[in-house]
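Q: Here is my input; please provide its structure:
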Amino acid sequence: MVAGVLIRCEPQRETEVLDALRKLDGLSYVYQLFGRYDMVALIRSLDLHAASEVVGRIRAIGGVTVTETLVVRPNS
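A: Residues are numbered from 1 along each chain as shown. The predicted structure follows:
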């Protein structure tokens, strides 16, 4: 399964969060954004449970204030 996690950070902590995300197992890509969210992380996992564990590790990173997970529809 594939999911995108939109991430908001505390002001001035974007670089710190980005560095932590790049070290996190389970992420395919991490991109910085302009707009309402600061970053998007792409997850590839075997199932929803495994993806949920990765999202939990993202939320535990200091400086992360909000996440929104978007699961890609199968066969799209």
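Q: so what's the nearest residue to residue 37 once chain neighbours are set aside up against?
A: Leaving out its chain neighbours, the residue that sits closest to residue 37 by Cβ to Cβ, 6 or more residues apart in numbering is residue 6, at 4.2 Å. C-beta coordinates here come from the backbone N, C-alpha and C atoms, glycine included. Contact analysis of residue 6 by Cβ atoms under 8 Å, 6 or more residues apart in numbering lists 37, 39-40, 67-70.
Q: And for the nearest residue to residue 10 once chain neighbours are set aside, the neighbour number?
A: In this structure, residue 10 finds its nearest non-sequential neighbour in residue 63, 4.9 Å apart by Cβ to Cβ, 6+ apart. Residue 63 has 18 neighbours, counted by other Cβ atoms under 10 Å.
Q: Residue 63: what's it in contact with?
A: 9-10, 13-14, 16-17, 20.
Q: got the phi/psi numbers for it?
A: Phi and psi for residue 63, reported as degrees, to the nearest 10, are phi 100, psi -20.
Q: What of residue 71?
A: phi -90, psi 130.
Q: do the same with residue 26
A: Main-chain torsions, residue 26, degrees, to the nearest 10: phi 100, psi -10.
Q: Quick check: the residue lying closest to it once chain neighbours are set aside vs residue 14, distance?
A: If the residues on either side of it in the chain are set aside, residue 26 comes closest to residue 54, at 3.9 Å by Cβ to Cβ, 6+ apart. Taking Cβ to Cβ, to the nearest Å as the measure, residue 54 and residue 14 are separated by 20 Å.
Q: the more surrounded of those two?
A: residue 54 (20 against 16).
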